[in-house]
Every structure is written in C-alpha cells, then in structure tokens.
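# Have a look at this prediction, sequence included:
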Amino acid sequence: MCGIIGYIGHDNATSILIAGLKRLEYRGYDSAGIAVIQNGQIEVRRSVGKLTNLEQALQQAPLYGNIGIGHTRWATHGKPSEQNAHPHRSNGVAIVHNGIIENYLTLKQRLQKEGFVFDSETDTEVIAHLLALHIRDGRSLHDAFLAATRELQGSYAIAGMYVGEPETLVATRSGCPLVIGRNEKAAFLASDVTPLLPHTHEVVFLEDGDIAVLTAQSTTITGAEGRVAERKSVRIDWDAEAAEKGGYPDFMLKEIHEQPQAILDTLRGRYSYETGEADLPDLGLTSQELLEAKRMWIVACGTSWHAGLVGKYLFEELIRKPVQVDIGSEFRYRQPMIQAGDLFIAISQSGETADTLAAVREARLRGARILSIVNVVGSTLARESDGVLYTRCGPEISVASTKAFTGQVVALYLLALHLGRIRQVLSLEDGRWWLDQFMALPSKVEHVLKREAEILSMAKRFYTMRNFLYLGRGINYPIALEGALKLKEISYIHAEGYAAGEMKHGPIALIDEDMPVVVLAPRDQLYEKTVNNLMEVKARKAPVIAFVSEGERELGALADFVFTIPSSHPLLSPIPFTVALQLFAYHVAILRQVDVDRPRNLAKSVTVE
Ligand code: F6R
C-alpha cells in the first residue's frame, strides 16, 4: 500500500509534494521520493527510511519546478533501497506506482530486447520503460498511457510526466485507488483524499481504466476506450484524521474492511489456471528442496500462531504431510527434534517478533530450511529466511491483527496448493478447482462485511458480559482461539477458546446463564457433533451465539443469535468465520468505549522476549 501524490500549477511543486507525502505516511513507508521537471529535465530525489531523510536530501540538493510527482513506498517487489524507491525514470519519463504488475517479467524481457536497461528490482520500472517505448513510437503521454495500460496486467494506480509535455500530468488506475482534485490555480492527484484536503474538498475518484490529464487550468478524463468521460465530483468534509482512516472511525474497522482487497492482493499474480498451480517465484526454495523436507514445522506467536494452526489442518488434510506447530517462545526453550533439511515455516505480520526470530535462529542452527510468511518487506525475519512469501496486506496500524491474519491464511492456501501439486497429491483438475475456491473468498468476506449491522445488534445484547467461551472444531478450532483472543485484547472481557469436544473435560463446569457461548459450526463432517455440544450448553441455560453456514436451520432453534456465513469448502471456512468474529469483538469493544486501535498494555510489534 504505497502513497502517490502529484501536483501541477504555478507554485513550487517540492513543498506541496512533501506536505502531501507527510499526509500519506500512515499508509506505511520504507522509502520515499519525488521527481520534478526542473529546467526541462526530470530531477529525482529518493531516500530510504523516514520522510525526514528525503527532506534532508532536498535541503542539500533542492528542486524547483511547477510539476512533480511523489511516492511513499511499502515494498512489494525488491527490498527497500534508494534504487528501488520511486519515482522511476526512462528517457524523460518519470512515474510513481501503487500496486502490483503481474506480467512484469514478460514485459521486462520484451523491453530489454528493445534496448531498455533496468536499474531496479521493482515491477514498477517496466511501466516507465513501456511509456517511453510508446512515446518513442510517436505517441503523446496520454496515448502512451492508453497503450501501456492495454498491456499491463495486475493492479495499479500510476501517475507520470514527460519532459516533452512539461505542462501535463497524467494518471490512471486499475484496482488501486486514485483521486484527483483542483482549485483555480492548480491540479492535484493522490492515492487518497488526505493530501488533497488543504487544497480542495471537491474531488473525483477515478474509475478503473480512466486516464486523467491534468494541467494547471484543466482536467480531462478519458475512459478505458480512450473517449472523454464525465466523472462526478464528490464533496469531502472529513478532516485530515478522518481521511487517513478512509472515513472509518478507527484503523481497526478500516483494516477489517480492507480484507477482500488484502486477500486478492495476496493471491494476485501467484497462480496459473493453465497448470492448476500456485506460482510462487519468490519462495526461494526449489521443488526438490521442498520435496526433500522430511518434516514440516510452523512457528509463530499470537494471532500468527493461530494462522499456523489453520495451516496444520490444511496441510495434513490437503497434502497428507504431518506438521508440527509451535509457539515461538516454547520452541526456543525446548529441545525440538528438528533436523537438517526440515521445512520450517515462520509466520509473522511484523517480521520483528523476538520469540519467532529466536525460533528461526534455533531452527537454522539445526540445519532446517526457513520459509517465512511475512507482511513487512525487508523485515528481520524476511532477511533471515531462505524464502519469503509476502502477504500483501499493506501496513496494519491497529494493534490487534485482522487483515494480516487473513493474508497469512491465504498465503498458506497458496503454499498448500504448491506442495500438493509438486507432491502429486493434487491433480491438474484439483488445482484448478482450488484456485476457483480461493478466488471466491473476497466476495464471501464482502458478504459478511455487508451484514455488519446484524453483528452490531448481537454485540449490543452481550457487551456487558464478563466472560465468553468460544467453541470450534477441526480447522475452526484455531478460529475459536482467534475469536477469543480478539475479544479479550480489545474489549478486556475474559474469553476462552476451546475445541468443542474438549468442553466436557472441564470448561462445562463454568457454563451457566452468565457465560455466553460463541459456537462456530460450518456445515462439515463435524457439524452434528457440534450440535450435540450445544445441547449440553443450552441445558445449562447459557446464551448461545452461533455462526453457521448459510441454509442451516437446526441450530436456529438452539441458539439465541444466529449469523450465517456463505458456504464454502470446510478448509476455506476459517476466513469468513474469522471476519465475523473480528466484527463482533470490534463492536463489543466500541460499546465498552475502548480505544480499539491502542488497547492497553499491548504493542504492535513485540521485539523483546
Ligand atoms: C493479536 C496480535 C498479536 C500478534 C503477535 C505476533 O491481535 O496482533 O498476537 O499476532 O504479537 O506478531 P507478529 O505477527 O508481528 O509476529
């Protein structure tokens, strides 16, 4: 989730771009840069790290010009470095990009044959060269954008300028947000409205395929087919803080709602219907190395550990290979029987969790191959791994993990498919079938999100309770743990997650009318058993909140509240079920007036033991 800014007018672009980038910093950054047309040349300044580094670079070598673009980067392709930072240039063209170009390797090979030389490891650089190629063929910047977007596959928002047309700024989008605005003297563009608000409150959200041509005096938008398109402007009355949160009251709710996109981004460009395979070039481990692994281990902490537990059920059922799942802090202090050549998967949103890192170092000492599933590119964990499968969730700001968890589970699905295909336990047809199921996940999550009001009414009924029990079976047992963790960490209500079958071995003693029981009961082979567990709960007068698959009637009679989840293969049910539980925890916490983004005693990244 990078941030883009663009300006064209009569003032010095540099200070406007830097002020805009500051307002985009919340989107996450590992490097930043700006480009300005100064005396007929593209001039670029880029730095790694905080924006103050870029400001220092500009103090040493200032830039002046009336047109410019800027970018805060959250790395996806290529580590955070000055060379990989945007803007990228080619023959008088400069561009900034947010998103992922799926076919960049094919385009890169073609452009190299055309004589273009690549300076970075990014997918973005192909866009700069592609535009330069089309300009070389005689096209205007607008027409070069039109031609290039017909070749680009993936998601993107792009803004660019060209020395041959120093009075036009051009931008387009497909799958990534881009908004434009103007006042009497100037035009602006950005990834979201936040940097535009000091200049204007009337903005236009571009639609997929739109190309906007901005000059100091005018704005023209053409649609995907190249004809002029009318787009209505929208008045935004948010202040800067509300704008950062995209109009949501806090980051947690924003991040919960970002999950359909995060799932799609994590899948994007990583599969092939032709081969029924997950296409994971960044894995860093060959198929041979993966096949040689005698045992598989997954180690993580907290919510990421719950994702790891989902991975165990998934791998064991889908690819028939045993998996040992450990908590980071436990693994490091026991004598794990890990051997040379074992596959060790570490899962972490931040990539900086001390216990997970210590476990990785222990596993490496013993000769294991390390594969990490990480959200933060270039984090310590990513650097210390043989291979990395990045979740592409963008920065997670709220302390409680939401979209990073679903991203981790999606990464595990991709890995399971890859392992299943190379171990030949999944056929080509199986592979294609699973890909279809993965691609359907975002709309299932959307469906849950649309019914937030139902979850709010459940929360209203229960938010004063002091204890909760969460029950799940099979692959949804870790989701019961995750639901309980979410509730306790943001609402400060005591909550326990249990395997439903374990209830009779102890926790049943706690059950009475003051202990609401949240039960996860998708339609799977364990459904009837879960219904029986609920009978025992009801007999003890506990209120029951049931999350069930669409079309289920049986539990309706037993439960006080029923929330239906779109049906899916049981192995895929954890994602929509988790989203419903996140919303429940969120609304309970809000009703209890907790600052959900900063719950007490918790830190976003636990870098100490
Ligand atoms: C819970 C939560 C924590 C983290 C845990 C590991 O909402 O956020 O339990 O999951 O501290 O952090 P990462 O994933 O950064 O290693």
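In hand now; what should we look at? What you see is a predicted model, and the numbers here were worked out from it, not measured in a lab. Residues are numbered from 1 along each chain as shown.

# For the closest residue to the ligand within the chain, grab the count of nearby residues.
Closest contact between the chain and the ligand, by C-beta to the nearest ligand atom, is at Gly302 (1.9 Å). All C-beta spots, glycine's among them, are computed from the backbone N, C-alpha and C. Gly302 has 22 neighbours, counted by other C-beta atoms under 10 Å.

# ok, it - contacts?
Applying C-beta atoms under 8 Å, 6 or more residues apart in numbering, we find Gly302 in contact with 401, 485, 606.

# Also Glu121?
By C-beta under 8 Å, 6+ apart, the contact list for Glu121 reads 77-79, 83-84.

# and the helix or strand harbouring Glu536, what does it pack onto?
If you go by DSSP states H and E, Glu536 is part of helix 527-539. Judged by 3 or more C-beta pairs under 8 Å, 6 or more residues apart in numbering; DSSP states H and E, helix 527-539 is in contact with strand 517-521, strand 544-549, helix 554-558.

# near the ligand, which residues of the stretch 201-350 of the chain?
By C-beta under 6 Å from any ligand atom, the part of the stretch 201-350 of the chain that sits against the ligand consists of 301-304, 348-350.

# May I ask which of these has the most neighbours?
Result: Ser348 is most packed of these (other C-beta under 10 Å), 34 neighbours.

# Look up the closest residue to Ile590, ignoring the ones flanking it.
Counting by C-beta to C-beta, 6 or more residues apart in numbering, Ile590 lies nearest to Val596, which is 6.5 Å off, once chain neighbours are set aside.

# Let me see the contact set for that neighbour.
250, 252-253, 398, 400, 490, 586, 589-590.

# Could I get the pLDDT score of Gly28?
Per-residue confidence (pLDDT) for Gly28: 66.

# let me redo that: Met1
The score at Met1 is 66. That number is its pLDDT.

# Make JSON lines from the contacts of Gly302 and add distance to Asn375, pLDDT and neighbour count to it.
As requested, the contacts of Gly302 are exported to JSON lines (distance: C-beta to C-beta, whole Å; pLDDT from 0 to 100; neighbours: other C-beta atoms under 10 Å):
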{"residue": "Ser401", "distance to Asn375": "9", "pLDDT": "97", "neighbour count": "28"}
{"residue": "Leu485", "distance to Asn375": "18", "pLDDT": "98", "neighbour count": "21"}
{"residue": "Val606", "distance to Asn375": "15", "pLDDT": "76", "neighbour count": "18"}
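
# domains of the protein?
Structural domains assigned to the chain are 3-244, 253-447, 451-591, following automatic domain parsing.

# So what's the predicted local confidence for the closest residue to Ser81 other than its chain neighbours?
Using C-beta to C-beta, 6+ apart and skipping the chain neighbours, the partner closest in space to Ser81 is Val48 (6.1 Å). If you check Val48, the pLDDT there is 93.

# The one 4 residues further on now?
Note for Thr52: predicted pLDDT of 92.

# Check Glu207 too.
88.

# Over to the one 4 residues further on?
Reading off the confidence values, Ile211 has pLDDT 97.

# what separates the helix or strand of the chain with the lowest mean pLDDT from the chain centre, distance-wise?
Lowest mean confidence among the helices and strands of the chain (mean pLDDT, DSSP states H and E): helix 240-244, at a mean of 73. Centroid displacement of helix 240-244 relative to its chain, using C-alpha atoms, centre = their mean, to the nearest Å, is 20 Å.

# Just checking, which helix or strand succeeds it along the chain?
As assigned by DSSP H and E, the chain's next helix or strand after helix 240-244 is helix 251-257.

# That following helix packs against which elements?
With contacts defined as 3+ C-beta pairs under 8 Å, 6+ apart, the packing partners of helix 251-257 are helix 574-591.
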